[in-house]
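Visitor: only geometry, no sequence info:
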């Protein structure tokens, strides 16, 4: 395993499509914005990057473009797929394209047993030469990780981080949850929070990383939240997060993907309908609400 | 739309793999057994046929092999995928390979809205020239079809049948459910039951078709059940189904796919571990239970 730091703010960019093709120009421009912010890492092909919908060739192009534009910022790459042998191909491609780590969610069609999920990670781990981030995203995978399953998988050679779906809202419970996870994970395996509304709470509770959807499109405010939390100023991190409550409310109503895509489209950073069909994206009324929140937050796509 | 009859017993064969490759010889031999049974149709690339795990090339090979071996029995083909444009490619390939109808489940990674699901069917329907079977399989797709959504989709030009996930156990409730569905569907759209334990109950309640997992591997007993039900002998259909309660119990415990794969492997009709990894299939103890049920039912892979 190499020495990539799996902590801080990891930004998950969209993979915008245009007429059902990868909009490489829009993607590259976005990665340049993320690298300039800067963020601590860029995770291409997360759920927000629509990895599940993309062909092997498209995924290769996305990772290559991210690495080309990211400069010194490490690029992580999602490698999920329904079939183990496909995941292994994606892993090989991502490493060849320069990914510094890979991120794997256990996609399902048929429900998987714990042994199936462990076997997937073991098979993929065995052929990796970069760190592996375990991606626990029950809303999309319908897999429930028990703590036992986390612990089993975390002993695999390359597992270096776990992306958890969120933390309890109450700070004491959140801290207890992260302490509990630490106690079952090998030392050195980082814990990253996801669910952007929980970002500040997760960092304040001791998470090492924030795997963030919104930072993949609007990185500056999440970077301020991360800096405050890592400086030990939990109050300020929470206050900054509350400033974006309007966005978190939209995320809760429509999912972060559709809202973030609408933001990118609104700001002119992606063409209309940038998500893969059958996902139609937000309707006009909801887009108006998104535009209203952006105005309230003073975000016009130029200002930082 | 052409005149394929979407009723009777449709058998869903496994797509056996061997060392992660399509085991075409095993598949062809199985399709020949189904055609000899005979069944009323063969649905290749159902969930049981692992369509979600297969590449475009593999899917093409599966449909071509099924058509080549099915003789006069019509072959239907699953065309599901996460991205609309991929589904459209699979539909094109299936038709070119000779599929008499196509079967579409709304696979999900990101949850889909009703408008997304309707849009998927509309986009695919617009380019089809064979009948379309709507495949409602909530256990794998995590999509819940409302009756309103059924009704909207059923008005599309090529929609000819709906594969429902099951019927209530109580015969009166089952009949009421099918009557209700008939009242909201255009006349001529057939209703097919799935969930093999509900096969007899569904046919007795007025379903036109039984879309059957087990008939794709062991067609004779399901064919007898179907004949009894269609002859109006509900008692006999139910009694025949009860004879196989041992199997239905295994299906409930492990899912029909893993049990059916274990049966095929047990009978020498597929090589060990014929399912796509990460699905490991049943463990040894459960395989013993499957073998015991097969012995009880007098199934040894030679007798019909």
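Guide: Structure's in. What do you need? Here the structure is a predicted model, which means the values were calculated and not measured.

Visitor: got any ranges where chain A has weak pLDDT?
Guide: Confidence mapping of chain A against pLDDT under 70 gives the ranges A:1-2, A:301-304.

Visitor: Next up, phi/psi of residue A:157, please.
Guide: Main-chain torsions, residue A:157, degrees, to the nearest 10: phi -50, psi -50.

Visitor: Could you give the number of residues near it?
Guide: Neighbour count of residue A:157, defined by other CB atoms under 10 Å in any protein chain shown: 12. C-beta here means a position set from N, CA and C on the backbone, and glycine is covered the same way.

Visitor: Pretty sure it sits against residue A:124.
Guide: No - when contacts are counted by CB atoms under 8 Å, residue A:157 is not listed as touching residue A:124 (11.0 Å).

Visitor: Show me where the stretch 1-150 of chain A has its helices.
Guide: Under the criterion DSSP state H, counting those that start in this stretch, the stretch 1-150 of chain A contains helices at A:24-36, A:56-70, A:84-96, A:114-125, A:138-141, A:147-154.

Visitor: Tell me the residues of the stretch 51-200 of chain A that contact chain B?
Guide: A:52-53, A:55, A:82-85, A:106-107, A:109-113, A:115-117, A:119-120, A:123, A:139-140, A:142 (CB under 8 Å from any CB of the partner chain).

Visitor: From the residues you listed, keep the buried residues only.
Guide: Buried members of those, counted by 16 or more other CB atoms under 10 Å in any protein chain shown: A:52-53, A:82-85, A:106-107, A:109-110, A:112-113, A:116-117, A:119-120, A:140, A:142.

Visitor: Would you mind measuring from the closest residue to residue A:92 other than its chain neighbours to residue B:13?
Guide: In space, not counting the residues next to it along the chain, residue A:92 is nearest to residue A:127; the distance is 7.5 Å by CB to CB, 6 or more residues apart in numbering or on different chains. From residue A:127 across to residue B:13, the span is 32 Å (CB to CB, to the nearest Å).

Visitor: Those two: which is more packed in?
Guide: residue B:13 (29 against 12).

Visitor: for residue A:230, phi and psi?
Guide: The phi/psi pair for residue A:230 (degrees, to the nearest 10) is phi -70, psi -20.

Visitor: any idea how far residue A:208 is from it?
Guide: According to CB to CB, residue A:230 and residue A:208 sit 9 Å apart.

Visitor: what sits in contact with each of the two?
Guide: residue A:8 (CB atoms under 8 Å, 6 or more residues apart in numbering or on different chains).

Visitor: and residue A:97, what is it in contact with?
Guide: So residue A:97 contacts A:60, A:63-64, A:67, A:77 (CB under 8 Å, 6+ apart).

Visitor: of all the residues you listed, which two lie farthest apart?
Guide: The most widely separated members of the contacts of residue A:97, counting by CB to CB, are A:60 and A:67 (10.9 Å).

Visitor: Comparing those two, which residue is more hemmed in?
Guide: It is residue A:67, of residue A:60 and residue A:67, that has more neighbours when counted by other CB under 10 Å, with 21 against 18.

Visitor: tell me, how many neighbours does the closest residue in space to that one that isn't next to it in sequence end up with?
Guide: Closest residue to residue A:67 apart from its sequence neighbours, by CB to CB, 6+ apart: residue A:98 at 3.9 Å. Residues within reach of residue A:98, counting by other CB under 10 Å, total 16.

Visitor: And residue A:98, how far from chain B?
Guide: 25 Å (CB to the nearest CB, to the nearest Å).

Visitor: thinking again about what came up before, okay if I get the helices of the stretch 1-150 of chain A as TSV plus distance to residue A:165?
Guide: Shown next, in TSV, are the helices of the stretch 1-150 of chain A (distance: least, CB to CB, whole Å):
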stretch	distance to residue A:165
helix A:24-36	23
helix A:56-70	23
helix A:84-96	20
helix A:114-125	15
helix A:138-141	6
helix A:147-154	12
